[in-house]
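Engineer: After the sequence you'll find the predicted model.
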Amino acid sequence: EAQLRRYQENNPQRFSTPEYREVSIAVVSPAGLSREIEVSDAELQQAYEQRRNQFETGERRALRQAVLPTEEAARALAATWREGADFAAIEQAASAAGGSAADLGLLDRGTMPLPNVAEAAFTAAEGAITDPVQSPFGWHVLKVDRIEPATSRSFAEVRDQLRQEVAHDRALDLAYERANRIEDALAGGEPLDAVARRLGADVTTATIDSSGRSPANERVALPVGDTEREALLRAVFAARQGDPARMTEMGDAFVAIDLRAVTPPALRPFESVENEVRISFLSDARRRAAEEKAAGLLAAIRGGKTMAQAAEEAGLTPQRIGPFGRNPQAAAGIPPELIAPLFEAKANEPTMVETRTGFAVAQVVQVVPFDPASDPLGLGRLRSEVEQSMQNELEEQFAIALRNRAGVQ
């Protein structure tokens, strides 16, 4: 027990309570203030008219298009399309005629940049093939695969949504005004709790650690949304005791923090963590013992003993593995942490590394040079990669030279 108690004292970061801070947090947010705001029906009707485009969706059409260089080729392709050719055949025919075909997806008229092409697409019937239409890009032939009619949501359907949006917009201005009034009161020396109650800010008093949990390890509800929670916790633990509270912007809210007390980390009672301390102590002790044994084995080999002799004296049995390559997945039986050190070592040179389960000592018995003839496919892939890399580098140098010559800015 004496060893365990000393181990806990020597590793306080593992077995201590976190730092706790007692704070008062005042928040002025649009979400909280919007509950105070009344919006009349007339105001809602006016907002509906102003935002009507939010509630209306224009007609949309699923379109496919072929673009060809000549009118003759476009008319021939349109005839083929009308006869029932599938789109794969249309793509091939367009490519053979020097053009191209593509599925444009679902579009509204406003997203089509060419007015005459948009007019042809949005006046054709569903399933129809348009006559060729000329543009600076060539002759367009379009098929209307599907039509989604325009939709409009009535005032009654969006009334509640509008009320929330209008109240929130007003609350943004009100939050700014309210935060300024609180800031003025704080600057005048009035306590945060009193100011917040008088001016209608949401106030929370809590004792929390840096993750926002209480001494009972419960998640403490804070007066901000989840997106601002981390920023608020950082601000709480950046605050200094004695500093006056000030309103700061956090997302679309304004927050003031009054740091009341700081409880520094302290060792937990030994009885409450004895089992954790024991497990950690034994784990560290086993690791040290394994490291000492591995270091002794390495020293013995470097001192002139063979791997077999040094292992036998340590009560171990060496295992011969290989040959293997640099790929850890293909080196069965070798801890992956050993691969890089072994390929840096010379023949008969020992090395030691820590692995996920302990320590490993290994010695290179033989270095087998790679024979390119043994892997012609791999050699071919490598040759292609090197050639491509050289081509990319030459292209990059050429582009740089052109830019320098042209003086591009």
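Structural biologist: The structure has been received and is ready for your questions. Here the structure is a predicted model, which is why all the values come from computation and not from measurement.
Engineer: For the rest of this, base every contact and every neighbour count on C-alpha atoms.
Structural biologist: Will do.
Engineer: give me the number of residues near Arg82?
Structural biologist: Per other C-alpha atoms under 10 Å, the neighbour tally for Arg82 reads 14.
Engineer: Please shift the residue numbers so they start at 28 in all later answers.
Structural biologist: Let's use 28 as the start, then, which means that last one is Arg109.
Engineer: isn't it right up against Asp158?
Structural biologist: No - with contact taken as C-alpha atoms under 8 Å, Arg109 and Asp158 are classed as non-touching, separated by 10.5 Å.
Engineer: I'd like to know the predicted local confidence at Val50, please.
Structural biologist: With respect to pLDDT, Val50 has a value of 91.
Engineer: where does it land in three-state SS?
Structural biologist: Counting by DSSP: H, G, I helix; E, B strand; the rest coil, the backbone at Val50 sits in strand.
Engineer: hey, where'd the helices end up in the stretch 278-427 of the chain?
Structural biologist: Remark: helices assigned in the stretch 278-427 of the chain by DSSP state H, counting those that start in this stretch are 297-329, 334-340, 363-371, 403-433.
Engineer: pLDDT of the longest one, averaged?
Structural biologist: If I follow you right, that is helix 297-329. Throughout helix 297-329, pLDDT has a mean value of 92.
Engineer: export the lowest-mean-pLDDT helix or strand in the chain as CSV, just CAs?
Structural biologist: The helix or strand of the chain with the lowest confidence, counting by mean pLDDT, DSSP states H and E, is helix 57-60 at a mean of 73. Only the C-alpha atoms of helix 57-60 are listed here, as CSV (Å, rounded to 0.1, in the frame of the first residue of the first chain):
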residue,chain,number,x,y,z
PRO,A,57,-32.2,36.3,-29.9
ALA,A,58,-33.6,32.9,-29.0
GLY,A,59,-34.4,34.1,-25.5
LEU,A,60,-35.6,37.6,-26.5
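Engineer: Would you state the strands of this protein in chain order?
Structural biologist: All strands of the chain, identified by DSSP state E, fall at 47-55, 83-84, 87-95, 127-135, 160-162, 165-175, 178-179, 229-235, 275-277, 280-290, 377-381, 386-390.
Engineer: How far does the first one sit from its chain's centre?
Structural biologist: I take that to be strand 47-55. In terms of C-alpha atoms, centre = their mean, to the nearest Å, the centre of strand 47-55 is found 30 Å from the chain centre.
Engineer: So what touches it?
Structural biologist: Applying C-alpha atoms under 8 Å, 6 or more residues apart in numbering, the contact partners of strand 47-55 are 202, 205-206, 219-220, 223, 228-237, 242, 250-251, 263-264, 280-292.
Engineer: Parallel or antiparallel, list what pairs with it.
Structural biologist: Next to strand 47-55 in the sheet, as set by DSSP bridges, lie strand 229-235 (antiparallel), strand 280-290 (antiparallel).
Engineer: Identify each buried residue in the shortest one, please.
Structural biologist: Looking back up the chat, that one is strand 229-235. The neighbour-count check on strand 229-235 (16 or more other C-alpha atoms under 10 Å) flags Asp229, Val230, Thr232, Ala233, Thr234, Ile235 as buried.
Engineer: where exactly do the helices run in the stretch 78-227 of the chain?
Structural biologist: Taking DSSP H, counting those that start in this stretch to define them, one finds helices in the stretch 78-227 of the chain at 98-109, 114-123, 142-150, 182-214, 219-226.
Engineer: by how many degrees do the fourth one and strand 47-55 diverge?
Structural biologist: Put plainly, it is helix 182-214. Comparing the axes of helix 182-214 and strand 47-55 via axes from the mean of the first three to the mean of the last three C-alpha atoms, to 10 degrees yields an angle of 120 degrees.
Engineer: Equivalent analysis for the last one, please.
Structural biologist: Using the same axes, to 10 degrees, the inter-axis angle of helix 219-226 relative to strand 47-55 is 20 degrees.
Engineer: which helices and strands does helix 219-226 pack with?
Structural biologist: strand 47-55, helix 182-214, strand 229-235 (3 or more C-alpha pairs under 8 Å, 6 or more residues apart in numbering; DSSP states H and E).
Engineer: what does the longest one give?
Structural biologist: The criterion is 3+ C-alpha pairs under 8 Å, 6+ apart, and the helices and strands that helix 182-214 contacts are strand 47-55, helix 57-60, helix 68-77, helix 219-226, strand 280-290.
Engineer: Buried residues in that helix, which are they?
Structural biologist: Along helix 182-214, the positions that meet the burial threshold by neighbour count (16+ other C-alpha under 10 Å) are 182, 186, 189-190, 193-195, 198-199, 201-203, 205-206, 209-210, 212-213.
Engineer: Next, the angle helix 68-77 makes with that helix.
Structural biologist: Going by the same axes, to 10 degrees, helix 182-214 is angled at 110 degrees with respect to helix 68-77.
Engineer: Run the chain-centre distance for helix 182-214.
Structural biologist: For helix 182-214, the separation from the chain centroid amounts to 32 Å (computed by C-alpha atoms, centre = their mean).
Engineer: got it, and the shortest one?
Structural biologist: Relative to the centre of its chain, helix 219-226 is centred 39 Å away, using C-alpha atoms, centre = their mean.
Engineer: Among the helices and strands packed on helix 182-214, which comes closest to Ala372?
Structural biologist: Across these, Ala372 has its closest neighbour in strand 47-55 (50.9 Å, C-alpha to C-alpha).
Engineer: Now the closest one - C-alpha only, CSV.
Structural biologist: Taking C-alpha atoms only, strand 47-55 is exported to CSV below (Å, rounded to 0.1, in the frame of the first residue of the first chain):
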residue,chain,number,x,y,z
TYR,A,47,-13.4,23.3,-11.0
ARG,A,48,-14.7,26.8,-11.5
GLU,A,49,-17.8,28.4,-9.9
VAL,A,50,-19.2,30.9,-12.4
SER,A,51,-22.2,33.0,-13.1
ILE,A,52,-23.0,33.2,-16.8
ALA,A,53,-25.4,35.8,-18.2
VAL,A,54,-26.6,35.4,-21.8
VAL,A,55,-28.6,37.7,-24.0
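Engineer: returning to that earlier point: need the helices of the stretch 78-227 of the chain in TSV (columns: mean pLDDT and distance to Glu86).
Structural biologist: Converted to TSV, the helices of the stretch 78-227 of the chain look like this (pLDDT from 0 to 100; distance: least, C-alpha to C-alpha, whole Å):
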stretch	mean pLDDT	distance to Glu86
helix 98-109	95	24
helix 114-123	93	24
helix 142-150	94	9
helix 182-214	82	20
helix 219-226	81	49
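Engineer: gap between Ile117 and Ala129?
Structural biologist: 10 Å (C-alpha to C-alpha, to the nearest Å).
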